[in-house]
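Student: Below: sequence and its predicted model.
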Amino acid sequence: MSEFQVYMVGGAVRDRLLGRPMHDRDWVVVGATPAQMTGQGFVPVGRDFPVFLHPKTHEEYALARTERKSGIGYHGFTVLASPDVTLEEDLARRDLTINAIAAPADWTGDSAVFDPYNGQRDLQHRVLRHVTLAFREDPVRILRVARFAARFHDFSVAPETLALMHEMVAEGEADALVAERVWQEMARGLMEDKPSRMFEVLRACQALAVLLPEIDALWQSPQAGEHLLHMLDLAAQLDAPLPVRFACLCLQLDPALVSTVCARWRVPNDCRELAELVVRERNAIHASTALDAAGLLSLLERCDALRKPQRFEQALAVCECDARSHTQPQPAPYAQRERLSGILQTALAVATAPIAQDAARRGLQGRAVGEAIAQAREQAIAACLSGRG
């Protein structure tokens, strides 16, 4: 590729400069045409702008490009990819200065980088700052800044960047965001080390009131808002999966509002189902120490725990985050999680096939067979509670 220049850009350069693990590498190609790329064996994959896969590594190589705003929302811009576009012009369209640093293709972290927008300075000072006013051309960047705040939680958002995000929201840019992109960024933010920061930043620029007014309304009671932030961070500390973290986000909403949020942003079924389940059964799970064997079996059945034990375990994790977040700054143990998990295992250990066979020999069918199995499970739970199990 001697006739044009290749640079490593974006997160890979940023993370190496921060001393963090470097995952996916992104590349920008300056001075090339699509024909030259395909002539070298690169496979075109970009729909909106020229992106190619390396014939051996399958990493993405994008032609240097500029973007010009031509409408509202994520799709409201025109892309120009040309051999005449310089590296500095390509970096100018990027979101944050810390992501607008380029390095030679053979860079090992020791030599100089190309940093026309002072990204290294902002890395040193722990600041998330937009590169140029081109930032406002893509409203997804509002979510990206909030997500980066959750990842780099010791970074602050530059006041001028926060002001620009606020202006974009006021101009209706956040209203034009498409569901898939919102959920993608929200899910990634929830999975960061300190997800509370994402929602703090979205509140600060008033984007939360547009994207998730149901969640934003929780701050009508500051205690409810703080409880939400504590839950999210505790879920992260417990390394909880995405469905648990999303359920924590929705836990203080009415069931109808959970369904509304999930429909608006096309939330995946596993996240939606867990959130709806926990909102409905949270109080019963918290109060489960007062239930007898019949009540415990009823709780398991309402939660469909016998058929979906993993989801029930996730529901217990959400309830643990809820309970322990009320005891900040020293979270207390949540005894219900281990207890209910053990009771579920007791119920699952009941051998149902012999019971069904015995019921059939006695002429029982359909619902009566199910009642016989439920009775056996209730007896097993009762024995467990009394210490005989």
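Tutor: Received it, and whenever you're ready, just let me know what you need. These numbers were taken from a predicted model, which means no experiment stands behind them.
Student: The closest residue to F42 other than its chain neighbours - how many residues pack around it?
Tutor: Leaving aside its chain neighbours, F42 sits nearest to F52 (3.7 Å; criterion: CB to CB, 6 or more residues apart in numbering). Bear in mind the C-beta positions are built from the backbone N, C-alpha and C, glycine included. Applying other CB atoms under 10 Å, we find 23 residues neighbouring F52.
Student: Equivalent analysis for G109, please.
Tutor: If we define neighbours as other CB under 10 Å, then G109 has 11 of them.
Student: how far away is it from H130?
Tutor: 26 Å (CB to CB, to the nearest Å).
Student: quick revisit: and the pLDDT at the residue nearest to F42?
Tutor: For F52, the model assigns a pLDDT of 92.
Student: Show me what it bridges to in the sheet.
Tutor: Listed beta-bridge partners, F52: P44, Y61 (assigned using DSSP bridges).
Student: isn't it right up against E59?
Tutor: No. Counting by CB atoms under 8 Å, F52 does not reach E59; the two are 9.7 Å apart.
Student: residue ranges of the strands in this structure, please?
Tutor: 5-9, 26-30, 43-44, 51-53, 60-63, 65-69, 77-81, 102-104, 127-128, 156-157 (DSSP state E).
Student: For A92, which of those strands is the nearest?
Tutor: In terms of CB to CB, the element of the strands of the chain nearest to A92 is strand 65-69, at 7.6 Å.
Student: tell me the mean pLDDT over the closest one?
Tutor: The model assigns strand 65-69 a mean pLDDT of 73.
Student: Tell me the spacing between the residue nearest the centre of the chain and C248.
Tutor: By CA atoms, centre = their mean, the chain has its centre lying nearest to A187, at 1.9 Å. A187 sits 13 Å away from C248, going by CB to CB.
Student: and if you look at Q184?
Tutor: Q184 sits 19 Å away from C248, taking CB to CB as the criterion.
Student: Looking at the two, which is more packed in?
Tutor: Using other CB under 10 Å, the more surrounded residue of Q184 and C248 is C248, with 29 against 15.
Student: now the more buried one: how far from E89?
Tutor: 43 Å.
Student: Next: T289.
Tutor: From T289 over to E89 (counting by CB to CB), the distance is 64 Å.
Student: With Q252 instead?
Tutor: 46 Å.
Student: next one: T38
Tutor: The value you get for T38 to E89, if CB to CB is used, is 23 Å.
Student: now swap in V9 and tell me
Tutor: 13 Å.
Student: cool, and K194?
Tutor: Distance from K194 to E89, counting by CB to CB: 34 Å.
Student: Neighbour count for these two, which is higher?
Tutor: K194 (19 against 16).
Student: so who does the more buried one touch?
Tutor: A150, H153, D233, A236 (CB atoms under 8 Å, 6 or more residues apart in numbering).
Student: In CSV: those, plus distance to A383.
Tutor: Shown next, in CSV, are those (distance: CB to CB, whole Å):
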residue, distance to A383
A150, 46
H153, 48
D233, 40
A236, 38
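Student: Next, the contact list for the closest residue to V51 other than its chain neighbours, please.
Tutor: Nearest residue to V51, sequence neighbours excluded (CB to CB, 6+ apart): A62, at 4.7 Å. By CB under 8 Å, 6+ apart, the contact set of A62 is D26, W27, V28, V29, G46, F49, P50, V51, F52.
Student: By mean pLDDT, point me to the weakest helix or strand of this structure.
Tutor: None of the helices or strands of the chain scores lower by mean pLDDT, DSSP states H and E than strand 77-81, at a mean of 66.
Student: Hmm, C319 is touching V278, no?
Tutor: Yes. Judged on CB under 8 Å, C319 makes contact with V278 at a distance of 6.8 Å.
Student: residue contacts, the residue nearest to A374 when sequence neighbours are not counted?
Tutor: Among residues not flanking A374 along the chain, L297 sits closest, at 6.6 Å (CB to CB, 6+ apart). Under the criterion of CB under 8 Å, 6+ apart, the contact list for L297 reads A347, A374, R377, E378, I381.
Student: shaky segments in the stretch 251-389 of the chain?
Tutor: Where the stretch 251-389 of the chain drops to pLDDT under 70, the residues are 327-331, 388-389.
Student: Now do the helices in it.
Tutor: 255-264, 269-286, 293-302, 309-325, 335-348, 352-361, 367-385 (DSSP state H, counting those that start in this stretch).
Student: Throw the strands of the chain into CSV and include distance to L211, thanks.
Tutor: Shown next, in CSV, are the strands of the chain (distance: least, CB to CB, whole Å):
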stretch, distance to L211
strand 5-9, 29
strand 26-30, 27
strand 43-44, 34
strand 51-53, 28
strand 60-63, 28
strand 65-69, 21
strand 77-81, 20
strand 102-104, 32
strand 127-128, 19
strand 156-157, 17
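Student: Of all those strands, which one is nearest I142?
Tutor: strand 156-157 (10.8 Å).
Student: averaged over its residues, what pLDDT does the closest one have?
Tutor: The model assigns strand 156-157 a mean pLDDT of 98.
Student: so what secondary structure elements neighbour that strand?
Tutor: In this structure, strand 156-157 packs against strand 127-128, with contacts taken as 3 or more CB pairs under 8 Å, 6 or more residues apart in numbering; DSSP states H and E.
Student: And for the strand it packs on, what's in contact with it?
Tutor: Against strand 127-128 from outside (CB under 8 Å, 6+ apart): L96, I98, D122, V145, F148, A149, F152, F155, S156, V157, A158, T161.
Student: Okay, A235 and R324: tell me how far apart.
Tutor: To R324, A235 is 10 Å away according to CB to CB.
Student: neighbour-wise, which of the two wins?
Tutor: A235 (27 against 20).
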